[in-house]
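*Asks:* Okay, here's the prediction I keep looking at, along with the sequence it came from:
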Amino acid sequence: MPADHRTASEYRRYLRQEMMPHILCPGCGHGIVLGALLRALAGRGVDPDQVAMVAGIGCSSRLVGYVDFCTLHTTHGRAPAFATGLKLARPELAVIVLTGDGDGLAIGGNHLIHAARRNIGLLCVLFNNQVYGMTGGQLAPTTPSFQRTATTPYGNLEPAFDACRLLTAAGATFVARGMTLAPVPLQDIMAQALAHKGFAFVEVLTECPEYYGRYNRLGTGAEMLLAQGRLPEAVADRLARKTFLPVREEGAGAAAGGQVRPGLAFGILHREERPELTEALRAASGGARG
Ligand code: SF4
């Protein structure tokens, strides 16, 4: 589904303008991710009263304060649990979880994998900034090997999670990865994820310039963003030709400068049909809602 570029400005109606200015650091890519999501919602003509956005704790989770939907800012890592309860009670709503890599994959890893396993109709957008940002730049489960953080000053010796592989194995029925360098393909991914029936997981690379970038001397936010383009030729070429989706680039993603882990794949990586939980529950109860 091509991105609807007429919606480029219409998404502003989804913002709580009175909450500006936002708290994100200069050069942070999180606004690019939110913009892609809001444009995808605007492209589908979504009524803001029919959207519930649920977040945990962290820089990305703070974004729910800036959007004019029904919003829940919950406890660390627990957004999928709150969202599951909300979706069960109000299955007609589009329920969207915003989470970070520390929030979603470490503290909340248990809740995330079980939401995927249940195939409940949520869209989960995971902002992968490769570090704990809000709390001061500590090691996250996505921090690439040998990179420095506040808690690994001599370099990280642990391997990193591949969130998309993890969520695919857990049972998510739509799994995709985008990057802040490519907001138009990201908007396409968001639109397809919103249209998916079941648990949709979208990871977005949006590396933190303030901590991850500074500790590893990766330059300014703009320089880090441009460095995402130093991907293998096959991916860079698809980006240039805007044929990013839905091709699976297994094994691609090794970037110069160590910013993007080798082996990361981009685009829509997995899609399958499986009964969505709230529909299955309704069918099992004979269509009654109590
Ligand atoms: S700490 Fe990092 S992730 Fe958080 S707002 Fe600042 S740049 Fe963005």
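*Replies:* Done, it's in.
*Asks:* and residue 56, what does it touch?
*Replies:* By CB atoms under 8 Å, 6 or more residues apart in numbering, residue 56 lies in contact with 74, 75, 76, 77, 78, 79, 99, 100, 103, 104, 107, 108. No exception for glycine: its C-beta is placed from N, CA and C like everyone else's.
*Asks:* count of neighbours near the nearest residue to the fourth one once chain neighbours are set aside?
*Replies:* Sequence neighbours aside, residue 108 is the residue nearest to residue 77 in space, at 2.5 Å (criterion: CB to CB, 6 or more residues apart in numbering). Residue crowding around residue 108 was assessed by other CB atoms under 10 Å; the count is 25.
*Asks:* unless I'm mixing things up, residue 108 is touching residue 74, no?
*Replies:* No - using CB atoms under 8 Å, residue 108 is not in contact with residue 74, being 9.8 Å away.
*Asks:* can you tell me which helix or strand residue 80 belongs to?
*Replies:* Using DSSP states H and E, residue 80 maps to helix 79-89.
*Asks:* How about residue 72?
*Replies:* Counting by DSSP H and E, residue 72 is part of strand 70-73.
*Asks:* swap in residue 269?
*Replies:* Following DSSP H and E, one finds residue 269 within strand 267-271.
*Asks:* packing partners for that strand?
*Replies:* Packing partners of strand 267-271 (3 or more CB pairs under 8 Å, 6 or more residues apart in numbering; DSSP states H and E): helix 163-170, strand 174-179, helix 183-195.
*Asks:* Quick one, which of those gets closest to the ligand.
*Replies:* Each of the helices and strands packed on strand 267-271 was scored for nearness to the ligand using CB to the nearest ligand atom, and the closest is strand 174-179 (14.7 Å).
*Asks:* Just name whatever secondary elements that closest one is in contact with.
*Replies:* Checking 3+ CB pairs under 8 Å, 6+ apart, strand 174-179 ends up next to helix 163-170, helix 183-195, strand 200-205, strand 267-271.
*Asks:* Give me the buried stretch members for the helix or strand just after the last one, please.
*Replies:* It refers to strand 267-271. Sequence-wise, the next helix or strand downstream of strand 267-271 (DSSP H and E) is helix 277-284. Burial within helix 277-284, assessed by neighbour count using 16 or more other CB atoms under 10 Å, is assigned to 277, 278.
*Asks:* Nothing else from me, thank you.
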